[in-house]
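> Any chance you could fold what I've pasted below:
(one chain, ligands or ions: 2)
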Amino acid sequence: MNTYLTDEELALHLDRNPIFHLIGDAADGLGLEAYVVGGYVRDIFLERPSKDIDVVVVAPQGHPQDAPGIAVAKALVNHLKSEHRKAWLSVFRNFGTAQVKTSLTPQEGEDEEAFTEVEFVGARRESYSHDSRKPIVEDGTLEDDLDRRDLTINALAICLNRDSYGQLIDRFDGLDDMEDGLIRTPLDPDITFSDDPLRMMRAIRFATQLNFQIDEETFAALERNRERISIISRERVIDELNKIMMAPHPSKGFVELSRCGLLTLIFPELAAMEGVETVNGRAHKDNFYHTLEVLENVVRAGAPLYLRWAALLHDIGKPRSKRWEPGVGWTFHNHNFIGEKMVPAIFRNLKLPLDDRMKYVQKLVSLHMRPIVIADEEVTDSAVRRLLFEAGEDIDDLMTLCEADITSKNREKKQRFLDNFRLVREKLKDLQERDNYRTWTNPVTGEEIMETFHLKPCREVGELKQAIKDAIWESRIPNTHQAAREFMMEEARRRGIIVN
Ligand code: ATP
Ligand code: MG
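Numbers count the residues shown, from 1 in each chain. Ligands and ions are numbered 1, 2, ... in the order given. I've put the predicted structure just below:
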């Protein structure tokens, strides 16, 4: 982070992309003011790469420009074309906005495919009604436009007109907040959040992505306004939740969501994991915090989005399976299967995709106990083969999840599990090299059994098939057709199935 840039240094920074001077010139030509605002400016100071450029255009008082954002975008495109640049203009008349895409890029000629994209919008003033996040929009000043923004760190602007090129506008001490690592709303947080409750999700998302603290007053407003989240579409909520998931430390976001009470509203099944119950002085662990630890562990192992979801949901069946059993203690029998069954409803409610990605998460949730059981008992060939067969191509992700799941504070116990897991992994590698069990099929098909013994589909056929599978997986016979067929004949005789 570098928050000590002077206006001259900011100007030099902007000059890395020639587009900014061209935007300023286009605005100057029309007597309008243009400012780069929001995420792009924030990311200059945070020294993060930024993609989209947002420009706010202001018509000075008495200047009767209709849709000033569109006017500057058009002038810019005309100029680019006169210089034989590729440029595309899209106008959204209803919103008074325009988008310009051009081949003009910071690194000239380096990447043929690279483009610069700029959104133009006239400065706006917004007023909200209670039951919608769709405001009534009017033309406004730059100040009006910055006032309606979600966070102080997102309410910075830099002037692009030639006379003041590089001048920073920081109405709400956004730079100080950046230095202090603070998430704060520009205006009264109760108004900011109540006007557009999505901003609550954004506040927590940015706190998570940037590892910032949420300012006390802002946090208190999150608690007070949390019920307002009900007017936000679930698609927008999941966008923010997925951004939290992909942050370097997603657990922070879930802790904040829980702390302010939003979690129960947007994701009740996860909120239900929180808390500890005690019977006869015996408490179970807090499954919410255990889950967050597992999530952090898979993140450290480089997990992509849906492996992170699998980690978040691996114990989701625990609250529903929890029992106190006298003489035994707390049990969570079948929580993996209960969890697997809960996944579709959770995905549907959160508007997550109901396709292979959901099936993948279900599979990992249902299988997440298996490697532990194997490692706890004996690591046999047949147990590892079964696991490989059921997990298929997701076996490596399953092993990552299971290793992440060992959060025991008991060092010895933890080490024993990790050692056994290494054994499971070695065996897996071994087996994969010897015979490819990921795509294992029985060398004797059901049809062959039926033909050989003149049977119609019946229980005996299935049992014979299973017996063959067991024999191969337990290494009693080799995985070949001939051996399987011989075994089948023998087994049939033993079971009194007559060949006629
Ligand atoms: P990112 O692109 O990483 O999600 P961003 O800050 O650029 O972050 P955008 O959604 O691209 O987010 O929005 C651009 C700018 O518009 C923000 O920086 C902020 O100033 C403003 N903004 C976006 N959404 C809202 C909102 N719901 N309420 C108020 N201001 C918003
Ligand atoms: Mg953005």
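
> Domain-wise, how is the protein divided?
Domain assignment of the chain by automatic domain parsing yields the ranges 7-178, 181-266, 446-494.

> which residue does the stretch 151-300 of the chain bring closest to ligand 1?
Using Cβ to the nearest ligand atom, the closest approach of the stretch 151-300 of the chain to ligand 1 is made by N154 at 3.4 Å. Heads up, the C-betas are built off the backbone N, CA and C, glycines and all.

> Low-confidence ranges, this protein, go.
Within the chain, the segments meeting pLDDT under 70 span 107-113, 432-439, 499-500.

> Give the buried residues for the helix or strand hosting F288.
Following DSSP states H and E, one finds F288 within helix 287-300. Neighbour counts using 16 or more other Cβ atoms under 10 Å place 287-292, 294-299 of helix 287-300 among the buried residues.

> what does stretch 75-82 give?
75-77, 79-80.

> Same question for stretch 261-276.
262-263, 266-267, 269-274.

> Those residues: which ones sit near ligand 2?
The subset of the buried residues of stretch 261-276 within reach of ligand 2, by Cβ under 5 Å from the ion, is empty.

> Between the residues you listed, which sits nearest M342?
E269 (6.4 Å; Cβ to Cβ).

> Contacts only, for the closest one.
316, 319, 342, 346 (Cβ atoms under 8 Å, 6 or more residues apart in numbering).

> Of those residues, which pair is most distant in space?
P319 and I346 (12.9 Å).

> How many residues are close by the residue of the stretch 301-450 of the chain found nearest ligand 1?
Going by Cβ to the nearest ligand atom, ligand 1 is nearest to L305 of the stretch 301-450 of the chain, at 15.8 Å. Using other Cβ atoms under 10 Å, L305 has 12 neighbouring residues.

> related to what we said a few turns ago, include distance to ligand 1 when you put the buried residues of helix 287-300 into CSV, please.
CSV is the format used below for the buried residues of helix 287-300 (distance: Cβ to the nearest ligand atom, whole Å):
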residue, distance to ligand 1
N287, 31
F288, 27
Y289, 28
H290, 30
T291, 26
L292, 23
V294, 27
L295, 21
E296, 22
N297, 26
V298, 23
V299, 19
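
> can I get those in TSV with distance to Q167?
Below are those laid out as TSV (distance: Cβ to Cβ, whole Å):
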residue	distance to Q167
N287	52
F288	47
Y289	47
H290	51
T291	48
L292	43
V294	48
L295	43
E296	42
N297	46
V298	45
V299	40
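
> Quickly name whichever of those is closest to G38.
The nearest one, if we look at those relative to G38 and count by Cβ to Cβ, is V299, at 27.6 Å.

> which bits of the chain sit near ligand 2?
39, 52.

> max-length helix in the chain?
helix 411-434 (DSSP state H).

> Packing partners of that one?
helix 370-376, helix 381-391, helix 395-404 (3 or more Cβ pairs under 8 Å, 6 or more residues apart in numbering; DSSP states H and E).

> ok, and what's touching it?
371-372, 374-376, 379, 381, 384-385, 387-388, 395, 399, 402-403, 406, 408, 437-438.

> how about 7 Å then?
With contact meaning Cβ atoms under 7 Å, 6 or more residues apart in numbering, helix 411-434 is reached by 371, 374-375, 379, 381, 384-385, 388, 395, 399, 402-403, 406, 408, 437.
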